[in-house]
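A.B. asks: next one to model:
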Amino acid sequence: MRVISGIAGGRRLATISGRNIRPTSDRVREAIFNIIADRIGGSVVLDLFAGVGSLGIEALSRGASYCVFVDKDRAAREVINKNLHDLGFRDMAAVIGADALRAISAERGPVSERAPYDLIFADPPYALDVFDKLLLLIENAGILAGNGLVIVEHSSRDATPAESSRMIKVRQERYGDTQVGFYMYSSEG
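C.D. replies: Numbering: from 1, shown residues only. You can find the predicted model right below:
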């Protein structure tokens, strides 16, 4: 797995083998970043269920100013820290060891300290089925910037996450077995 573009483009990312971590494929990651290209420069990013950190690191490589990575798996956090160090992004990031849903919900803590976020990536394990709850928690926590975007990755076999009371789906894409939904606050909300 490699960083696709930006200042670290082409550089290899350390990964974890034999664990229940499913990094976003290069093809899907490239498609996502082509869609959000005009939103990345200077953005503050939250990478939930970060795994090896490929989404947040791609954002940093393409000009994001800061990224908070959240993953409860210690080995995954070690790999994220290694990748950040190896690519020179250590001072532009925080790596949080926590359950992503709890981290979002906490009124005080490392996730709320950096809010609001311009981009929030969420790639939970498909079996968790937390997509609807995730959008509601993000909305209730108020951690998304007014014109921010939540990008949720899920299996194309699963139902599309519902819109919340204030968030609407503005785009949906399918890449083989992977579906990606793009959500933002409703202009009416």
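A.B. asks: helices and strands around the longest strand seen in the chain, which ones?
C.D. replies: Taking DSSP state E as the criterion, the chain has its longest strand at strand 144-155. Counting contacts by 3 or more C-beta pairs under 8 Å, 6 or more residues apart in numbering; DSSP states H and E, strand 144-155 packs against strand 117-122, helix 131-141, strand 178-185. In short, each C-beta sits where N, CA and C put it, glycine included.
A.B. asks: mean pLDDT lowest for which of the ones you listed?
C.D. replies: Note on the helices and strands packed on strand 144-155: lowest mean pLDDT is at helix 131-141, with a mean of 88.
A.B. asks: list of residues touching that one?
C.D. replies: Defining contact as C-beta atoms under 8 Å, 6 or more residues apart in numbering, one finds that helix 131-141 is touched by 48, 100-101, 104-105, 111-112, 115, 120, 122, 124, 144, 150, 152, 154, 158, 161-167, 183.
A.B. asks: which ones among the residues you listed lie within helices?
C.D. replies: Counted as lying in helices by DSSP state H, out of these, are 100-101, 104-105, 111-112.
A.B. asks: low-confidence ranges in the protein?
C.D. replies: Counting by pLDDT under 70, the chain has low-confidence residues at 18-23, 161-162, 164, 188-189.
A.B. asks: centre-most residue in it?
C.D. replies: Of all residues in the chain, the one closest to the mean position by C-alpha atoms, centre = their mean is Phe121, 2.0 Å from it.
A.B. asks: state the distance from it to Ser165.
C.D. replies: From Phe121 across to Ser165, the span is 22 Å (C-beta to C-beta, to the nearest Å).
A.B. asks: returning to that earlier point: which ones are touching the residue nearest to the centre of the chain?
C.D. replies: 45-48, 55-56, 59, 151, 153.
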